[in-house]
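**Student:** just need the structure, nothing else, for what follows:
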Amino acid sequence: MTFDMKTGVTVSSPDEALLARLRTGDQAAYEELVRSEGRHLLAVARRLLRNEEDAQDAVQQAFLSAFRALPSFHGQSRLTTWLHRIVTNAALMKLRTRGRQPEDSIEDLLPTYLEDGHHVEQFSEWALPAEARLLRRETRAHVRAAIDSLPQSYRTVLLLRDIEEMSTEETARTLGVTPNTVKIRLHRARQALLKLLKPTMARPCAGHRVMN
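**Tutor:** As a prediction, this is how the structure comes out:
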């Protein structure tokens, strides 16, 4: 426990100290938060929206929403985690307001099967984001392009589960769908992504784990 001279409040962590300053309306604290978290939040919004202007708007809206909601934030999670959820919701709201357009089918991107039920293609075991070789510098562009080519509903689930590391239940709540829908979309998105990435995979093997 330490005594924060700027706020006159006893705090137990730097996160609490910053939150206490924010609640007093400390302008420097606002600027510190935007400076330290803005880049990361913009990256999250870019992944979901794939449009720079929309991503920047989503981040600005997220910060405004967060600042307005500070009185109701009781530190039940880290401040950065809370902001992450807010910008994710802001980005998803922008996706919804773009209007519902016909979505491309994912069927053509899925693996094909032999008569005995085995994949025609041979895949490496799925472990994104833990599979470091998918994230090597020389393959990141291929991964990003492959993810971007997925239909939006599948791409969004993949990003939330495998990149943002949300749980199945949290993803379902965020998207307003059932956990089973999340599992099905994630499984199909992973299958499609593996097929798209097959040319860049360094060590193909026969095993392939399905949905969590």
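**Student:** neighbours around residue 180, how many?
**Tutor:** Counted by other C-beta atoms under 10 Å, the residues lying close to residue 180 total 10. In short, each C-beta sits where N, CA and C put it, glycine included.
**Student:** residue 40 now?
**Tutor:** With other C-beta under 10 Å as criterion, residue 40 counts 14.
**Student:** three-state assignment of it?
**Tutor:** Here residue 40 is recorded as helix under DSSP: H, G, I helix; E, B strand; the rest coil.
**Student:** separation between residue 40 and residue 159?
**Tutor:** 15 Å (C-beta to C-beta, to the nearest Å).
**Student:** likewise for residue 145?
**Tutor:** Using C-beta to C-beta, one obtains 14 Å as the distance from residue 145 to residue 159.
**Student:** helix or strand for residue 188, which one?
**Tutor:** helix 179-197 (DSSP states H and E).
**Student:** flag every buried residue along that helix.
**Tutor:** 181-183, 185-197 (16 or more other C-beta atoms under 10 Å).
**Student:** tell me which of residue 145 and residue 159 has more neighbours.
**Tutor:** Shown here are residue 145 and residue 159; by other C-beta under 10 Å, residue 159 has more neighbours (20 against 11).
**Student:** got the contact list for the more buried one?
**Tutor:** Residues near residue 159 by C-beta atoms under 8 Å, 6 or more residues apart in numbering: 47, 48, 147.
**Student:** kindly report the same for residue 88.
**Tutor:** By C-beta under 8 Å, 6+ apart, the neighbours of residue 88 are 44, 48, 160, 164, 174.
**Student:** mind checking which of the residues you listed are in strands?
**Tutor:** Nothing among the contacts of residue 88 maps onto strands, per DSSP state E.
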